[in-house]
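Engineer: missing the sequence, but the structure's below:
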């Protein structure tokens, strides 16, 4: 690191006690950032707790967003991890991506029988010259990195949901199903979601767990992991593993993750589009809203049949969200605690 004469004088004016590792991490701003993590949906309450264990000890945002979504990958959910709803051929396929504050990024898609796709995505970022690995190649890479092959059997809940789906074999994701989000305290929320099961007759089968964190060094990172749309065509991949669509990080501006109908997030390069609006001075909420409005203009009357949502965190730790329809919420964990916020919607 090079420190010019003027900057050295500014630092010396702080006194020895003011020269900290956090200050040197961003020489343009010696202020120590307060850590914060945000995550999509009510599952974000538990995911945030995993991330906060890292952030509260001075750990990196990158480590936090990996550890946080791993919590959700371990849970039984219709849309994340090996316990999730399968594709229409009865196979669970997983997608994930991760990005740090230096534009390093990695992703996997159509990955089978590996418990933590987010960790494989990080290995792609750190151990290969590539950004994305898919299918059999992604699985082979995971095994070469020490990951183990899990059972191909469906979870008990997913098996039941799949058998119910086979009665009609109709792919029609249901949106705006009333979510039983409790109007309660954070502690009650944490008790409710200690072991969440988010199956509801196949409803909400096209969402994810996405996470963005800002650490004490002022650095941002983001992660996203999903099993994709339940009962999808075999081989279908949504926005979650696509850098610039499902997530994007620009450490000078902010970071964003998306959830909902992946095809329509991809159409507008959703996450990067939100970041660009923040670059132009928009608040996180307004930046998310502008991209949701664009999707509404593109889809016209078909917008009634889809849900798309974004959460965003800017460099100053300000957060916001916006959704196409009602029903979306996101979790925020900072020094003041861990809470669930209902998102504004179009």
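Structural biologist: Perfect, I can see it now. The structure displayed is predicted, hence computed values, not measured ones.
Engineer: And residue 209, its phi and psi?
Structural biologist: phi -110, psi 120 (degrees, to the nearest 10).
Engineer: what about the closest residue in space to it that isn't next to it in sequence, how many neighbours?
Structural biologist: With Cβ to Cβ, 6 or more residues apart in numbering as the criterion, residue 209 has its nearest non-adjacent residue at 4.2 Å, and that residue is residue 72. In this view, the C-beta of every residue, glycine as well, is placed from N, C-alpha and C. Counted with other Cβ atoms under 10 Å, residues neighbouring residue 72 total 28.
Engineer: Would you map the strands across the stretch 51-200 of the chain?
Structural biologist: 94-99, 105-111, 132-134 (DSSP state E, counting those that start in this stretch).
Engineer: middle-most residue in the chain, spatially?
Structural biologist: residue 210 (1.3 Å; Cα atoms, centre = their mean).
Engineer: before we move on, the earlier item: I figured the residue nearest to residue 209 was touching residue 225, is that so?
Structural biologist: Yes: assessed by Cβ atoms under 8 Å, residue 72 is found in contact with residue 225 at 7.1 Å.
Engineer: anything in contact with each of these two?
Structural biologist: 80, 81, 209 (Cβ atoms under 8 Å, 6 or more residues apart in numbering).
Engineer: JSON lines please, covering the residues you listed and showing neighbour count and distance to residue 340.
Structural biologist: Converted to JSON lines, those look like this (neighbours: other Cβ atoms under 10 Å; distance: Cβ to Cβ, whole Å):
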{"residue": "80", "neighbour count": "31", "distance to residue 340": "17"}
{"residue": "81", "neighbour count": "25", "distance to residue 340": "21"}
{"residue": "209", "neighbour count": "31", "distance to residue 340": "14"}
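Engineer: tally of neighbours for the closest residue to residue 147 other than its chain neighbours?
Structural biologist: Nearest residue to residue 147 in three dimensions, chain neighbours excluded: residue 114, at 5.4 Å (Cβ to Cβ, 6+ apart). Residue 114: 22 surrounding residues under other Cβ under 10 Å.
Engineer: Same check on residue 120?
Structural biologist: 26.
Engineer: quick one: contacts for it?
Structural biologist: With Cβ under 8 Å, 6+ apart, residue 120 has these contacts: 96, 108, 111, 114, 133, 138, 141, 142, 145, 147.
Engineer: List the contacts of the third one.
Structural biologist: Pointing back at residue 111 there. 93, 94, 95, 96, 117, 120, 134, 135, 138, 139, 142.
Engineer: and if you look at the first one?
Structural biologist: Going by Cβ under 8 Å, 6+ apart, residue 96 touches 69, 107-108, 111, 117-118, 120-121, 223-226, 240-241.
Engineer: Turn those into TSV, columns for pLDDT and distance to residue 249.
Structural biologist: Shown next, in TSV, are the contacts of residue 96 (pLDDT from 0 to 100; distance: Cβ to Cβ, whole Å):
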residue	pLDDT	distance to residue 249
69	98	15
107	98	13
108	98	18
111	98	22
117	98	19
118	98	15
120	98	19
121	98	14
223	98	10
224	98	11
225	97	16
226	96	18
240	97	15
241	98	15
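Engineer: Which members of those residues are positioned in helices?
Structural biologist: 69, 117, 118, 120, 121 (DSSP state H).
Engineer: Helices of the stretch 1-150 of the chain, residue ranges please.
Structural biologist: Taking DSSP state H, counting those that start in this stretch, the helices of the stretch 1-150 of the chain run over residues 5-12, 21-25, 44-55, 61-74, 117-127, 135-144.
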